[in-house]
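>>> sequence first, predicted coordinates after that:
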Amino acid sequence: MNLNLFLLAALISLPAAAQTPLACQANSGPQRAPLLELYTSEGCSSCPPADRWLAGLAMKAKPQSLNLLSFHVDYWDGIGWPDRFAKAQYTARQRERVAAGGSTTIYTPQVMLGPRLDLRWYKPDQVAKALTAVQQQRAMVDLQVLARRHGRVVTVDVSALPSTAGKGGDLYLALYEDGLSSAVKAGENAGVVLRHERVVRGLWGPWPLAANGAKQTLDITPPAAANAAQLGLTAFVQTRVGGETLQSLSLPLAQCRDAGATAAR
């Protein structure tokens, strides 16, 4: 038998679990992948159109060229509808990002792109121009995300290595979930079913980027109601002064096989 045919036959005969690695990983590319952040709330009547806009971008975004995160803030929760995705941590992040950009004004929906706090989601040409400008820049950081699933727990190795001399920054890791919806029964959006993509369900960091980079290993347990098939990870490095995003990278966890389930076969 021809050697190539023999190898092909041997590969085909392997069990499916042996052909698919238990761990999955993503690596950033040579150009910068911008991180677009939306600060939103289910209690805000002007937020649903911005949520839909972000969902449209998410459908087309490639993890090595554009990443998106939707942070639900909690300062709308006291006026009729508590947003189940909101956290005080995300409100604090919004305030910190605004302060880093030299401002004090926070609002929803607010779109941020690195140090830019003035982008308007309803001006798609403005957003597209800003994204292209970032994507044309060389990356200053190389990112890698490696994930291994064990039942509901996800073990994550995330690393950032400076690819050029220059600015320092902080490494962060976010857990996001797609395909979410809420039937709002009170507040400004009462009677409306809201749908969300790239909703942040957890945020870790900052880990300072030293001369030799930064690396972290952590075990993440998603929220009990989270749909494992809709989860993903986004790593990014931002500067403390100005809030410039030096690089970002996402890894959809649907690509990762469950080590425990595979071992049981």
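Received the coordinates, thanks. Numbering: from 1, shown residues only.

>>> C-alpha from now on. contacts and neighbour counts both.
Noted.

>>> pLDDT at the most centrally placed residue in the chain, what is it?
The structure's the chain has its C-alpha centroid closest to residue 234; by C-alpha atoms, centre = their mean the separation is 3.5 Å. pLDDT recorded at residue 234 is 98.

>>> likewise residue 4?
Note for residue 4: predicted pLDDT of 43.

>>> and what of the one 3 residues further on?
According to the prediction, residue 7 has pLDDT 34.

>>> who touches the nearest residue to residue 232 once chain neighbours are set aside in this structure?
Spatially, and ignoring its direct neighbours in sequence, residue 232 is nearest to residue 252 (4.0 Å; C-alpha to C-alpha, 6 or more residues apart in numbering). Going by C-alpha atoms under 8 Å, 6 or more residues apart in numbering, residue 252 touches 230, 231, 232, 233.

>>> any chance of CSV for those, columns neighbour count, secondary structure and distance to residue 169?
Shown next, in CSV, are those (neighbours: other C-alpha atoms under 10 Å; DSSP: H, G, I helix; E, B strand; the rest coil; distance: C-alpha to C-alpha, whole Å):
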residue, neighbour count, secondary structure, distance to residue 169
230, 16, helix, 29
231, 21, strand, 26
232, 21, strand, 23
233, 24, strand, 19
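
>>> ok so, going back, report the separation between the residue nearest to residue 232 and residue 122.
Separation of residue 252 from residue 122 (C-alpha to C-alpha, to the nearest Å): 27 Å.

>>> residue 55 belongs to a strand?
No. The assignment for residue 55 (DSSP: H, G, I helix; E, B strand; the rest coil) gives helix, which keeps it out of a strand.
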